[in-house]
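Colleague: sequence and predicted structure below; questions after.
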Amino acid sequence: DTEVTQTPKHLVMGMTNKKSLKCEQHMGHRAMYWYKQKAKKPPELMFVYSYEKLSINESVPSRFSPECPNSSLLNLHLHALQPEDSALYLCASSQVGRAPGNTIYFGEGSWLTVV
Amino acid sequence: GQQVMQIPQYQHVQEGEDFTTYCNSSTTLSNIQWYKQRPGGHPVFLIQLVKSGEVKKQKRLTFQFGEAKKNSSLHITATQTTDVGTYFCAGRGGYQKVTFGTGTKLQVIP
């Protein structure tokens, strides 16, 4: 069982809605990630936070807005999404740095459908 | 940017047969991780390899990291129906950046 908790598990939203995905971990990890996964594709990195600061933004459209309120929480704010944004959104966490043992642990994901 | 390819894309095997998936990176990796994703599920961590030429075993699964740290393989001996899923390698290249391979979907025929 994963120690990264994501809510909600399923979300249906209209293109004019504003919603948020939430992620929480209590493993003491200081790196947190958002990945997007489309059907039959590998997870694609969206954002990385290190020590609560945004360290990587993979040229993600501004309709996706990440937020890291503290070392345990990670949010993804959604606004004016398009149907093609429908996907599984995965949150993950790890220790910071390249040292051995920086395993990335994934949450169960939030299934997003944009109508 | 870094690209990580896996072959084959799909593999159907009879239960009891062996299975191997290969992972190749366009750049040298500091480490490589392997994940399994069941249909409808999320990626589950299997193992991490760090050293050049490293070989690790988990029961029927054998993982190898290439000498040049640009390729890796996962071999499953005597597949079972519980092995069904998509296997991803994930390479850590730059700081905090982990790129997933394209994945190999394994189907086991009873």
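Modeller: Structure's in. What do you need? Residues are numbered from 1 along each chain as shown, chains lettered A, B, ... in the order given.

Colleague: what does the lowest-mean-pLDDT helix or strand in chain A contact?
Modeller: Sorting the helices and strands of chain A by mean pLDDT, DSSP states H and E puts strand A:105-106 at the bottom, at a mean of 91. Here strand A:105-106 makes contact (Cβ atoms under 8 Å, 6 or more residues apart in numbering or on different chains) with A:2-4, A:25, A:27, A:29, A:35, A:90-94, B:35, B:42-45. For glycine as for every other residue, the C-beta is placed from the backbone atoms N, C-alpha and C.

Colleague: equivalent analysis for stretch A:36-43, please.
Modeller: With Cβ under 8 Å, 6+ apart, stretch A:36-43 has contacts from A:35, A:44, A:46, A:87-90, A:109, B:43, B:88, B:100-103, B:105.

Colleague: can you tell me which of these is nearest residue B:22?
Modeller: residue B:101 (9.4 Å; Cβ to Cβ).

Colleague: about what we covered before: so which of the contacts of stretch A:36-43 are in strands?
Modeller: A:35, A:44, A:46, A:87-90, B:88, B:100, B:105 (DSSP state E).

Colleague: which among the residues you listed gets closest to residue B:16?
Modeller: Set against residue B:16, the nearest of the ones in strands among the contacts of stretch A:36-43 by Cβ to Cβ is residue B:105 (19.0 Å).

Colleague: who does residue 37 bridge with?
Modeller: Here I'm looking at chain A. residue A:88 (DSSP bridges).

Colleague: try chain B instead
Modeller: Assessed by DSSP bridges, residue B:37 has beta-bridge partners residue B:86.

Colleague: what score does it have for pLDDT?
Modeller: At residue B:37, the predicted lDDT confidence score is 96.

Colleague: over to the one 4 residues further on?
Modeller: Model confidence at residue B:41, given as pLDDT, is 91.

Colleague: so what's the residue count around residue 62?
Modeller: Defaulting to chain A. Neighbour count of residue A:62, defined by other Cβ atoms under 10 Å in any protein chain shown: 7.

Colleague: sorry, should have said chain B
Modeller: Residue B:62 has 15 nearby residues by other Cβ under 10 Å.
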